[in-house]
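Q: return atomic coordinates for the entry below.
(one chain, ligands or ions: 1)
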Amino acid sequence: MAKRIKIGLIGCGMISGSHINGYLAHPQHAEIVAVCDTVDENAKRRAAQVLAGAETRATEATANAKKADAAEARERLNENAARWAEYKENGVKIYNDYNEMLKACELDAVSLATPPFVHEAPTVAAAAAGKHVFCEKPMARTATEARSMRDACDKAGVKLAYQSGGTCLDPRSYAIREYVTSGKIGDVYYGRLTSYRVRGRPNVDMFGFGRWFLNSVYSGGGTIYDIGVYAINRTLYLLGSPQPATISGIAYRGMLPEYTGEEINDVEEHASVFVRFTNGMSCTFENGWSSNMAGQPQGLFIFGSKGSFSNDKLYLEKGEWDTDDKGNRRRYRENLVETPLELPDRHFPDKFRDFLNACNSDAQPVSNGDIGLNVTEIMSGALLSAKLGREITVDELYDIEALRSEPTPGWPIP
Ligand SMILES: NC(=O)c1ccc[n+]([C@@H]2O[C@H](COP(=O)([O-])OP(=O)(O)OC[C@H]3O[C@@H](n4cnc5c(N)ncnc54)[C@H](O)[C@@H]3O)[C@@H](O)[C@H]2O)c1
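A: Presented below is the predicted three-dimensional model:
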């Protein structure tokens, strides 16, 4: 029987509600025992949400158990109702300092919903205390921070997952990765990813977000760190986790409507990135919070020597030669045949369950510290390359990042 993972939530702002709902949805696998925020009011509000959410679920499960025909379903609903009801007895502990929480509270894992500049330190502290870590995206502001987080968790033998929207946890993503890595579409040499919003800049076009979003000191960067991170994560997974070798990026800002807030806003609104991988593959990533592009196909396009993926559509090349009377080849008649994907016959967990499963087994979460590190190398490398106006190697990225010291901003766009 898998252990119920005791969770301490760190950071009780906007997105933390989704962590609470995510763990409450798995009462047999997780239990939220503590919440922590430097702002006491935020911690208290989220603690109350945990208790209210558990109570509502317990009531609903009890009512549904009475209506259920199958004994097995009744038993499961009653068991879950009992687990949710335990929250009323046990309560949820409240902390304002995560080091205190790690010391005082019996936890198996922490769930980090703090801004990017508060990802590395709590991850390293939690790992040192032997706790697994689920970290919000982006994993970190710099590759150096991401590497320190990955290494701390590896050294401590704890799991590190980072929030990637569950972008890899579905049958299609799994199948595409299988086609790419098994050679079924031949030698995969190139990928192209495009993802744009028309108007979707936090605190510029839409409001209510944390004050740190537009300041590279705190966020690491703009669109690429906020939303590009999901698409880059899925792309690396589908391409079979290639290792970035060199990165060339360009970044822009200045779309209308103008920013009218009072906080520093020095982050990019559009980034185009070209990455060469150590295995010879390459990929371009185009990402924008704000663009005037309509009618442009978006998504991931994968180029292989025997076939391709245009988003989730698989095309296999089945062309033949036209020959003359003597059998000499005259013209190759290409024939790209749209082919149904062979999908795996298995269930895929959501991102929280994927993390909980990893805590209870030898498995790694799908979006783990290794892939998070590569994603961060691409994000930080893209903005550094944009600033330098040239391609950089990943080794150079670490060398130049080492010259930074707090509170130096990321690689802001003038
Ligand atoms: N807001 C969104 O739509 C959204 C969506 C997906 C992911 N995310 C990611 O989630 C993370 C948090 O984003 P958010 O929008 O919830 O930010 P937020 O600013 O709303 O909340 C962050 C919370 O962390 C707390 N905090 C800061 N330093 C702390 C510390 N040392 N110890 C404990 N608590 C501390 C703050 O007081 C605040 O309550 C970010 O990495 C972000 O990229 C946000």
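
Q: which of the helices or strands spans Phe209?
A: Phe209 belongs to no helix or strand when elements are defined using DSSP states H and E.

Q: I should have written Ala161 there, sorry.
A: strand 160-162.

Q: for Ala121, same thing?
A: Per DSSP H and E: helix 120-128 holds Ala121.

Q: count of residues packed around Ile7?
A: 29 (other Cβ atoms under 10 Å). To be clear about C-beta, it is placed using only N, CA and C from the backbone, and glycine gets the same treatment.

Q: who's in contact with the closest residue to it other than its chain neighbours?
A: Once flanking residues are discounted, Ile7 sits nearest to Ile32: 4.9 Å by Cβ to Cβ, 6 or more residues apart in numbering. Residues in contact with Ile32 (Cβ atoms under 8 Å, 6 or more residues apart in numbering) are Ile7, Gly8, Leu9, Ile20, Tyr23, Leu24, Val50, Tyr87, Val92.

Q: my guess is the last one contacts Val35. True?
A: Yes - assessed by Cβ atoms under 8 Å, Val92 is found in contact with Val35 at 6.0 Å.

Q: anything in contact with each of the two?
A: Ala47, Val50.

Q: quick one, what contacts Ser248?
A: Val273, Phe274, Val275, Ala382, Ser385, Arg390, Glu391, Ile392.

Q: how about the residues of the chain that lie near the ligand?
A: 10-16, 36-39, 42, 98, 113-116, 118, 136-137, 209-210 (Cβ under 6 Å from any ligand atom).

Q: center of this structure - which residue?
A: Centroid check for the chain by Cα atoms, centre = their mean gives Ser164 as the closest residue, at 1.8 Å.

Q: show me the contacts for it.
A: So Ser164 contacts Lys137, Val229, Tyr230, Asn233, Arg234, Lys351, Val366, Ser367 (Cβ under 8 Å, 6+ apart).

Q: show residues contacting stretch 195-205.
A: Here stretch 195-205 has contacts from 206, 209, 211, 213-214, 222-223, 226-228, 231, 255, 257, 259, 261, 263, 265, 269, 286-294, 296, 298-299, using Cβ under 8 Å, 6+ apart.

Q: and Phe348, how many residues sit next to it?
A: Neighbours of Phe348 (other Cβ under 10 Å): 16.

Q: let me redo that: Thr167
A: Neighbour number of Thr167 under other Cβ under 10 Å is 20.

Q: got phi/psi on the residue in the stretch 201-350 of the chain positioned nearest to the ligand?
A: Closest to the ligand within the stretch 201-350 of the chain is Gly210: 2.5 Å, counting by Cβ to the nearest ligand atom. Backbone torsions for Gly210, taken as degrees, to the nearest 10, come to phi -60, psi 150.
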